[in-house]
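**Q** please work out how this folds:
(2 chains)
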Amino acid sequence: MKDAVIDIRNVRKDFGRKVHALRGVSLRVGAGEVFGLLGPNGAGKSTLVKILLTIVRPTQAEGTLLGQPLGRRGPLAQVGYLPENLRFPAHLRGRQVLEHYAALAKVPRAVRRRRAAELLERVGMSSWGDTPASRYSKGMLQRLGIAQALMNDPKLVFLDEPTDGLDPLGRRDVRHMLADLTKRGKTVFLNSHILSELEMICDRVSILVQGQVAREGTIAQLTEHSVTYRITVAGGLDGVAAEVRKRGGVIDGNAISVAGRDAAAVNQLIDVLRGAGVLIESVTPQRFSLEDVFVEAVHGRGVGAALEAER
Amino acid sequence: MGTQLWAILRDGFRESLDRKMFWVVATMTLLIAAVMACISFEPDKIVLLFGMWRIPAEGFDATTEMGKSQVLSVMIQFVMSTLLGWIGMMLMIIATADFYPSMMERGAIDVVLSKPIPRWVLFLFKYLGSLAFVLLQATLFVGLTFLVMGLRWNIWAPGYLMAIPLMVLLFSYIYCISVYVGVMTRSTVAAILISICAWAAYVVPPAALEVVESEPSLRANQALVRAIGFAAAIPPKTADIDYIASRWAKAGTSLDLMPQQQMTLPPEEMERLRERERSKIAANPAYSIGSSLLFEALVVGLAMWRFCRRDF
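**A** The predicted structure follows:
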């Protein structure tokens, strides 16, 4: 991994005695990475981001953000943040929103003005800059929020559900914008429920379940452990069904699914089928999607079992 | 940090201007100034609408020092006790009560706190920025009435302009409660209701003391007088503000300190009141304002501590 922009260890957060939002989370995010944090509602994703941004105080935490100990405000000058359910002060216009938050991030006045114009253009809001933010639609607020997060030209950007409220074109624009950010060496930390998008964008993901990291790695790493082979046959499997099941195969009509990466085991099963005179039409290795991995992580079951349950 | 502080103050200013209530109060101010400008004085007469009507006022002559003193006393009473004391204060409490609760709404506070600015600075400058609402109104009202008094009535009392910071001060004694409740509950309604209750708690003891002291039968009950006197002595001393304003308004002039409405009392009662007035006005404004500011600092400090410690 490149130099860690986020390096946290054993982050815990308790709300009172009964709610344990985070139970010892450790993460490393390298410079220039697009990192995705997944998890079901209540998993602690937003709490973790808020701890990194000093919005929530951790019960326990060690580590650094942009090379400085957690909890310091200094590094926040180089951080951009788009929260979930964003609200802007009703008395500000779009351009004023950008300039106000940039001023809070210590951006000089001349730079604020220039960047506000540039970013409004970039998020397709240049003709709305002088309209009060209270009149914006949800999608427009989201665009403005993304622009706001980039006003200080941050090294690290936290985006919580960035495509929430956006139409398909808006989502595509956001993906392009994120790609552009990574080209410029920025680090992006993404919280999202839209797994297909994360799969397209993220270099690495971490799946948070009940306040703990359940899975972590690149998309390839996470999904390569979750391969299944699908064997399609002509005719029935009546004579060999018991043997197929004994070898871990799941029968679905005239198809057999075998979970795991062990090609030898699949070959042995093929030998059994051929020995029984079954005509094999195709053998296809299938890689699972991030969604499958997510479901598995959340339900704590094997991918094959999870898939079977899905079917 | 200058960029950040200026941004917070400017935001408070913009937020004030965005309130409809701001413009309601400003319109009221303009109307009052316009009505005042339609009034002028002649010996034993009050002239309305530039000479259209002349109302006899036996013994009243605003061209004399005594008359000017009476007019100025009425103005101070009007500014501190009427405009701000009741209508203006109520409107301003309502208009500013949601400044903190709205800042602390989920989705809004997150962005602000993700910026490299200490929470205590954010809280404190938001507080000062919020006072811009009253500062603007006070400046408009006192400034306009000062000009009307000078240009139309030939009463130039630069000390009258001290009513501007005093109005802000008086408002801040109540606003601190509104902020405290707003931070603790994030509820605008709770902030309005409790700050109105607090305002009543500030105002009632001094008013009760006035009643007790002016009524001989009640005045005889020393225990009652002491109990109410004790309650009235607890800061913030809102009732002192109009005495201090009166004192500062007339400082450097030869104008009498007695309020106009007491001029017609029997001589011995007038002397007693005059003595009481002198003792109050002679009271150290630094002590009155200082102890009240200490109270305000305590309340604001508690609210700030909570704001700095809580999770959002």
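**Q** check whether the nearest residue in space to residue B:113 that is not next to it in sequence sits in a helix, strand or coil.
**A** Of all residues not flanking residue B:113 in the chain, residue A:55 sits nearest, at 4.6 Å (C-beta to C-beta, 6 or more residues apart in numbering or on different chains). Heads up, the C-betas are built off the backbone N, CA and C, glycines and all. Of the three states, residue A:55 takes coil under DSSP: H, G, I helix; E, B strand; the rest coil.
**Q** lowest mean pLDDT among the helices and strands of chain B, which one is it?
**A** helix B:267-282 (a mean of 63; mean pLDDT, DSSP states H and E).
**Q** following it, which helix or strand comes up?
**A** Following helix B:267-282 in sequence order, the next helix or strand is helix B:285-309 (DSSP states H and E).
**Q** and that next one, which residues are buried?
**A** Residues of helix B:285-309 classed as buried by neighbour count (16 or more other C-beta atoms under 10 Å in any protein chain shown): B:285, B:288-289, B:291-293, B:295-296, B:299-300, B:303-304, B:307.
**Q** contacts for it?
**A** Contact with helix B:285-309 is made by A:57, B:104, B:119-120, B:123-124, B:127, B:169, B:172-173, B:176-177, B:179-180, B:182-184, B:235-238, B:240, B:244, B:247-248, as judged by C-beta atoms under 8 Å, 6 or more residues apart in numbering or on different chains.
**Q** the same query, at a cut-off of 7 Å, please.
**A** B:119-120, B:123-124, B:127, B:169, B:172-173, B:176-177, B:179-180, B:183-184, B:235-237, B:240, B:244 (C-beta atoms under 7 Å, 6 or more residues apart in numbering or on different chains).
**Q** ok, now stretch B:197-214?
**A** B:89, B:173-174, B:177, B:218-219, B:224-225, B:228-229, B:231-232, B:236, B:238-239.
**Q** now, those residues that are in strands?
**A** Counting by DSSP state E, no part of the contacts of stretch B:197-214 is found in strands.
**Q** all the strands of chain A, in order from the start?
**A** Applying DSSP E to chain A gives strands spanning A:4-15, A:19-30, A:34-38, A:60-65, A:68-69, A:79-82, A:156-160, A:187-191, A:204-209, A:212-218, A:227-234, A:249-252, A:255-259, A:279-287.
**Q** work out the gap between the last one and the centre of the chain.
**A** For strand A:279-287, the distance between its averaged C-alpha position and the chain's averaged C-alpha position is 31 Å (C-alpha atoms, centre = their mean, to the nearest Å).
**Q** what pLDDT, on average, does it get?
**A** Averaged across strand A:279-287, pLDDT comes to 85.
**Q** who are the packing partners of that strand?
**A** strand A:227-234, helix A:263-275 (3 or more C-beta pairs under 7 Å, 6 or more residues apart in numbering or on different chains; DSSP states H and E).
**Q** winner for burial among the ones you listed?
**A** strand A:227-234 (a mean of 18; mean count of other C-beta atoms under 10 Å in any protein chain shown).
**Q** so which residues on the stretch 1-150 of chain A come close to chain B?
**A** A:53-57, A:73-74, A:76-77, A:79, A:81, A:83, A:85-87, A:89, A:91-92, A:100-101, A:103-106, A:148 (C-beta under 7 Å from any C-beta of the partner chain).
**Q** find the closest residue to chain B in the stretch 151-300 of chain A.
**A** Taking C-beta to the nearest C-beta, chain B has its nearest neighbour within the stretch 151-300 of chain A at residue A:158, 7.8 Å off.
**Q** give the contact list for that residue.
**A** Per C-beta under 7 Å, 6+ apart, neighbours of residue A:158: A:49, A:53, A:79, A:81, A:189.
**Q** what about 8 Å?
**A** Each residue near residue A:158 by C-beta under 8 Å, 6+ apart is listed here: A:49, A:52, A:53, A:79, A:80, A:81, A:82, A:149, A:189, A:191, B:114.
**Q** redo those as CSV? Include pLDDT and distance to residue B:64.
**A** Below are the contacts of residue A:158 laid out as CSV (pLDDT from 0 to 100; distance: C-beta to C-beta, whole Å):
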residue, pLDDT, distance to residue B:64
A:49, 94, 72
A:52, 95, 72
A:53, 94, 67
A:79, 95, 69
A:80, 95, 68
A:81, 95, 67
A:82, 93, 69
A:149, 94, 68
A:189, 95, 76
A:191, 90, 76
B:114, 94, 64
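**Q** if we can go back for a sec, ChimeraX command for the buried members of the contacts of helix B:285-309?
**A** Applying 16+ other C-beta under 10 Å to these, the buried members can be selected in ChimeraX as follows:
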select /B:119,123,124,127,169,172,173,176,177,179,180,183,184,235,236,237,240,244
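**Q** just the ones of the contacts of helix B:285-309 in helices?
**A** Using DSSP state H, the subset of the contacts of helix B:285-309 located in helices is B:119-120, B:123-124, B:127, B:169, B:172-173, B:176-177, B:179-180, B:183-184, B:240, B:244.
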